[in-house]
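Q: Output the structure for:
(chains A and B)
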Amino acid sequence: MLRAAQDAGGEIDDTGEGLSFGAALLTLAVVTGLFFMLGLIPTSIIFIPGYMLAVGRESWVRALSVTAGLVFVFWIFRTLLNVRFYQGWLVTEDYIPYFLPF
Amino acid sequence: MLEALLQGLGNLTPYVLMWMMVGVVVCTVIAIIPGLGGVFAMVLLLPLVYTLPPEAGLAMLVAAMAVAGTGNTITGVLFGVPGSATGVATILDGYPMAQKGQATRALTAGLTASAVGGIVGALILAAILPVMRPIVLSLGSPEFFMMIFAALVFMAYVGEGSMLKSLSSGFAGLMLSFVGLEISTATSRFTFGSLYLIDGIRLVALFIGLFAVAEMLVLLRKGGSIAAEKAESGAKAQVLQGLGDVFKHWRTTLSSSTTGVVVGLAPGLGAAAAQFIAYTQAMKLSKNGRNFGKGEVEGVIAADAATNSKDGGALVPTLAFGIPGSSSMALLLAAMIGMGIQPGQEMLTENLDLVWMFIFILVLANVAGAAICIAFSGLFARFTQVKASTLAPPILIISLFGAYATDRTLGDVWTAVLAGILGYGMVRFGYSRATFVIGFVLGILLERHYLLSMRLYGLDFLRRPVALGIAVAILLVVLMPVITRLIRGLRSPAASESDAADDPQNASR
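A: Residues are numbered from 1 along each chain as shown, chains lettered A, B, ... in the order given. From the prediction side, this is the model:
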């Protein structure tokens, strides 16, 4: 489905690298949904490698490096600057425990 | 005065300068995150300020305030994402330049203009120290109303696409600014019974959505990378070009800096208004006005110079009267009062050395912040070559983080997402997001100052000298093309026909 979305996205430019409008909206819906349900850090850990591997067809190393880099930045914000993150609806409603160290 | 100046200079010990650099670095890093901005950085530094000696603590805070606009330039140019509400005008030309492979040039020009603007703001503050009170007292709601009205009138010329689309966008932004409680009667407007909407649409969430989320949607659709074209010249050449641009367009740099200071003098107008007023003014006065919004470096210079120079102006009502003009000034005021330093007459007599120290810090922090960022501009510019599939996911997540972090309400995240879809639609169908944002930001201020002016003066507010002067200037600018054409028509009918063919305002935009 994602590859078909990419092919359909060829109308945007000749390389056919882009997504179709529906796929782009779906991407936005997925990341927003994950953010609402799981919170910031789990969304970063799931969405970034998921998107880069499935759609971008990037390597595991690159996907995990980008994810680790972003999570590290968030860790700095939390630890040094005491910025609090959204933990997700599932945690705030006690459906799952918050198991992350920060 | 001289004694206070020397004492202020003497306050700049290595210890104080070290804490100044801490403020510069922390604020620059935080301001890069969309939605957080300089005020957020100042809030995080505030607890630290009280643990330091007054000079060091205030130096750190003033330095953070001085470079708050720098992070906006970086994200605005590279990703088309405003770091905060004060970085929107930079995107209008900075991002198109990055798309043409000129990111380093845009960054350097913007950062240098920020530094020059900050220095000009500090120098003007120093120059008007002896006459602070009469200047601030001469500006009231009528003058602020006319300044904002001027910016709204000129916004028709901003942005690509037809003027009708620009005006429609601006009008839509103006209408959106009315959502919430009406300021004089507290009647709720367009809230649909929602508690979230009672405070109106949040500025930061709206900007993150309109620019950050929308640009990432555009990037996902486009594929490839942000820079559609390869850079024609290397990073070093672009740095030199960017530096040269600021001095080549010295008139734009100086006039935008001055506009920023004047707008900064007005409590409540803020940097968002300063950048747009300066941008629209520069567009009207520049020979390359037609290219604004398409990657014209003068647009970047005008926006960034005004954003930083307004701090010099904003310090005037803050220090002279204890009236903070913006959130960052309110924080500075809180820090000063917390340390037992009272603004007002005492500030301008017993603590004048502190005022001079602020002026020196503004200059030094702007130069230091710009130098650090320019040194890394080539490296930053490489982000424009990164593939969409690598860049878009982290930026989307950072945008949601930024939208949530401001007020810690999920409503802001919804606002950002919906604004992102709206912003994508505006890009797709050629409606200007810039005029939408101008209408939104200035609409709130326009209504407030109009109501105050009418309450205080009735319609006589239009007869105040400065307000009348601005009104006449607006009329002249709007009517000048018509008058010029009439005069030429009277001189020679043939000349008037060729003028009508060449007139850029008649061409579809």
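Q: who in the stretch 351-500 of chain B is up against chain A?
A: B:387-390, B:392-394, B:396-398, B:400-401, B:404-405, B:408, B:410, B:413, B:417, B:420-421 (CB under 8 Å from any CB of the partner chain). (Glycine included, C-beta is placed from N, CA and C.)
Q: Least confident secondary structure element in chain A?
A: Every helix and strand in chain A was compared by mean pLDDT, DSSP states H and E; the lowest is helix A:2-8, with a mean of 50.
Q: So which elements touch the longest helix along chain A?
A: Once chain A is assigned using DSSP state H, the helix that runs over the most residues is helix A:60-81. On a contact count with 3 or more CB pairs under 8 Å, 6 or more residues apart in numbering or on different chains; DSSP states H and E, helix A:60-81 meets helix A:40-54, helix B:388-407.
Q: among the ones you listed, which gets the worst mean confidence?
A: If you rank the helices and strands packed on helix A:60-81 by mean pLDDT, helix B:388-407 sits at the bottom with a mean of 86.
Q: For PyMOL, what selects the buried ones among the residues of the stretch 351-500 of chain B next to chain A?
A: This is the PyMOL syntax for the buried subset of these, where burial follows 16 or more other CB atoms under 10 Å in any protein chain shown:
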select buried, chain B and resi 387+388+389+390+392+393+394+396+397+398+400+401+404+405+413+417+420+421
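Q: where does chain A dip in pLDDT?
A: Low-confidence segments of chain A, defined by pLDDT under 70, span residues A:1-17, A:81.
Q: try 50 this time
A: Regions of chain A meeting the criterion pLDDT under 50 cover residues A:2, A:5-6, A:9-15.
Q: just to revisit the earlier point, got the angle for the longest helix of chain A vs helix A:40-54?
A: 160 degrees (axes from the mean of the first three to the mean of the last three CA atoms, to 10 degrees).
Q: Using CSV, lay out the helices and strands packed on helix A:60-81 together with distance to B:A314.
A: Formatted as CSV, the helices and strands packed on helix A:60-81 follow (distance: least, CB to CB, whole Å):
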stretch, distance to B:A314
helix A:40-54, 33
helix B:388-407, 21
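Q: For B:R290, find the nearest of these.
A: helix B:388-407 (30.5 Å; CB to CB).
Q: from the middle of its chain, how far away would that closest one be?
A: 22 Å (CA atoms, centre = their mean, to the nearest Å).
Q: Same question for stretch B:310-323.
A: 17 Å.
Q: Could you tell me which residues of the stretch 201-350 of chain B lie near chain A?
A: Going by CB under 8 Å from any CB, the residues of the stretch 201-350 of chain B near chain A are B:V213, B:L217, B:L220, B:R221, B:K222, B:G223, B:G224.
Q: now do 6 Å
A: Within the stretch 201-350 of chain B, the residues that sit near chain A (CB under 6 Å from any CB of the partner chain) are B:L217, B:L220, B:R221, B:K222, B:G223, B:G224.
Q: Just give the number of residues close to the last one.
A: Number of residues near B:G224 (other CB atoms under 10 Å in any protein chain shown) recorded here: 16.
Q: Quick check on it: phi, psi?
A: phi 70, psi -140 (degrees, to the nearest 10).
Q: Quick check: it vs B:I395, distance?
A: Between B:G224 and B:I395 the distance is 15 Å, computed by CB to CB, to the nearest Å.
Q: Also the second one?
A: Taking CB to CB as the measure, B:L220 and B:I395 are separated by 11 Å.
Q: who's more crowded, these two?
A: B:L220 (29 against 22).
Q: does the more buried one really touch A:L19, like I thought?
A: Yes - between B:L220 and A:L19 there is a contact at 5.0 Å, judged by CB atoms under 6 Å.
Q: Taking helix B:388-407 as reference, get the angle to the longest helix of chain A.
A: Per the same axes, to 10 degrees, the angle that helix A:60-81 makes with helix B:388-407 is 20 degrees.
Q: and chain A, which residues reach chain B?
A: So chain A meets chain B at A:12-13, A:17-19, A:24, A:31-32, A:35, A:40, A:44, A:47-48, A:51-52, A:55-56, A:70, A:81, A:86 (CB under 6 Å from any CB).
Q: Great, nothing more from me.
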